[in-house]
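# sequence and predicted structure, then a few things I'm wondering about:
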Amino acid sequence: MSDLVPFLLVGAVAIQIPIGIVMYFDAKRLDLKDPEVYWLGVVIPAAGFVVILYYFAERRNLPKKTEEDPSKNASR
């Protein structure tokens, strides 16, 4: 049983890295703000699957680079 745990972790990372690469390029294509955040969130073992589900569920609603930051307008 103890031999199964490292095998599952390596398997999870092997699945998450290609998905993270796809998500990074998709975020750049959609011109999202900070596409690196999604890549870094995905490559975390086990927790990355939550980031994958969130990204694909909300990818059209994520903040874009071209949107104005409301906090910048408040200080003017």
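That came through fine.
# at which residues are the helices of the chain located?
4-29, 35-42, 48-58, 70-74 (DSSP state H).
# got CSV for these, with distance to Lys64, mean neighbour count and mean pLDDT too?
To be clear about C-beta, it is placed using only N, CA and C from the backbone, and glycine gets the same treatment. Conversion of the helices of the chain to CSV gives the following (distance: least, Cβ to Cβ, whole Å; neighbours: other Cβ atoms under 10 Å; pLDDT from 0 to 100):
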stretch, distance to Lys64, mean neighbour count, mean pLDDT
helix 4-29, 10, 14, 85
helix 35-42, 11, 18, 80
helix 48-58, 13, 15, 80
helix 70-74, 14, 7, 56
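# most centrally placed residue in the protein?
Centre of the chain computed as the mean C-alpha position; nearest residue by Cα atoms, centre = their mean is Tyr38, 2.1 Å away.
# is it true that it touches Phe25?
No. Applying Cβ atoms under 8 Å as the test, Tyr38 and Phe25 come out as separate, 10.4 Å apart.
# ok, Val51 - contacts?
Val51 makes contact with Tyr38, Gly41, Val42, Ile44 under the criterion Cβ atoms under 8 Å, 6 or more residues apart in numbering.
# mind running it again at 7 Å?
Contact analysis of Val51 by Cβ atoms under 7 Å, 6 or more residues apart in numbering lists Tyr38, Gly41, Val42.
# what does Lys33 give?
Pro63, Lys64, Lys65.
# the last one contacts Lys28, doesn't it?
When you say that, I think you mean Lys65. No. The pair formed by Lys65 and Lys28 falls short of the contact definition of Cβ atoms under 7 Å, at 9.9 Å.
# from Phe7, how far out is the residue lying closest to Ile21 once chain neighbours are set aside?
Of all residues beyond its chain neighbours, the one nearest Ile21 is Trp39 (7.4 Å), with distances taken as Cβ to Cβ, 6 or more residues apart in numbering. To Phe7, Trp39 is 24 Å away according to Cβ to Cβ, to the nearest Å.
# does the residue nearest to the centre of the chain really touch Lys28, like I thought?
No. In this structure, Tyr38 is not within contact of Lys28 by Cβ under 7 Å, at 10.0 Å.
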